[in-house]
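[1] Coordinates for the following, if possible.
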Amino acid sequence: MPVKLYIFGDSVYAELAAHYFLLSQEYDVLGYVVDDQCFCKPSLGNLNVFKYSEVVKHSVEASVKIFSAVGYKSMRSRKSVYDRLKRDGFSFASYIAPSAYTDPQSEVSENCIVMPNVTLERNVKLEPNVTVWSGASICHDVTIGAHSFVAANSVVGGNSVVGPLCFLGFSSIVFHHCNLADETLLGAGSLLMTDSDACCQYIGSPARKVRSHSEAGIKIS
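    So this is what the prediction gives:
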């Protein structure tokens, strides 16, 4: 029997997540959930939109799960929403596209989404609430920290560690044996060949540190 699933959020990313979960046929997607003060329409596409206060009462039911579809506009918001849903007792779903390659010795945690044509090699670990977009390659013995976002066609070299709340832009490359500190932003098309400092942005090939975002965290318009 399909698992009942809510999608938290009503963004384009939330719609895409709902689309993939519906394709999987493992889930009965009941609709989208937004905070009460953000509720403005009863439906989105073919699915209903619910106020959070209406849904949270079902959070401890074993037959109900949720997927937090908070994107990269505010990376710290990804964490705060996930943490709130977890405190409120929700269990989380993850999705792995059929066309993705995930080695049997890789590990995908809760509330992760692994999109089409992604490669997760041996001993890759995705911590909770990680998004890996289409075509990305995560090489062997890599950990991607919680709440991080890996954009399309990015590559992370073997034996690297990507800390929590990191953002890797389109077609970016992390060289092997690199350690990315918490809240590192690597710009699109950039090549990072060294360890990074926390809460800093790196751009170029090779990538160089250009600014810090320690006050507000990573925000992408």
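[2] And Asn48, how far from Val156?
    Distance of Asn48 to Val156, given as C-beta to C-beta, to the nearest Å: 38 Å. C-beta coordinates here come from the backbone N, C-alpha and C atoms, glycine included.
[3] Now the phi/psi pair for the most centrally placed residue in the chain, please.
    The chain has Thr131 as the residue nearest its centroid, 2.5 Å off, counting by C-alpha atoms, centre = their mean. Backbone geometry at Thr131, expressed as degrees, to the nearest 10, gives phi -110, psi 130.
[4] same thing with the one 4 residues further on?
    Its backbone dihedrals place Gly135 at phi 80, psi 0, with angles given as degrees, to the nearest 10.
[5] Thought Asn111 was touching the residue nearest to the centre of the chain, still the case?
    No - assessed by C-beta atoms under 8 Å, Thr131 is found out of contact with Asn111, at 9.4 Å.
[6] contacting residues for Tyr101?
    Tyr101 sits next to Val118, Thr119, Leu120 when contact means C-beta atoms under 8 Å, 6 or more residues apart in numbering.
[7] Dig out what the second one forms beta bridges with.
    Spelled out, it's Thr119. Per DSSP bridges, the residues bridged to Thr119 are Tyr101, Ser137.
[8] now stretch 58-74: how far from the chain's centre is it?
    Put simply, stretch 58-74 sits 12 Å off its chain's centre (C-alpha atoms, centre = their mean, to the nearest Å).
[9] for stretch 183-198, that is, sorry about that
    Relative to its chain's centre, stretch 183-198 lies at 18 Å (C-alpha atoms, centre = their mean).
[10] so who does the closest residue to Ser196 other than its chain neighbours touch?
    Spatial nearest neighbour of Ser196, excluding adjacent residues (C-beta to C-beta, 6 or more residues apart in numbering): Thr184 at 4.4 Å. Thr184 makes contact with Val162, Gly163, Cys166, Phe167, Ser196, Asp197, Ala198, Cys199, Cys200, Gln201, Tyr202, according to C-beta under 8 Å, 6+ apart.
[11] got JSON lines for these, with distance to Ala17 too?
    Listed next are the contacts of Thr184 as JSON lines, based on distance: C-beta to C-beta, whole Å:
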{"residue": "Val162", "distance to Ala17": "21"}
{"residue": "Gly163", "distance to Ala17": "24"}
{"residue": "Cys166", "distance to Ala17": "20"}
{"residue": "Phe167", "distance to Ala17": "18"}
{"residue": "Ser196", "distance to Ala17": "28"}
{"residue": "Asp197", "distance to Ala17": "32"}
{"residue": "Ala198", "distance to Ala17": "29"}
{"residue": "Cys199", "distance to Ala17": "27"}
{"residue": "Cys200", "distance to Ala17": "29"}
{"residue": "Gln201", "distance to Ala17": "27"}
{"residue": "Tyr202", "distance to Ala17": "28"}
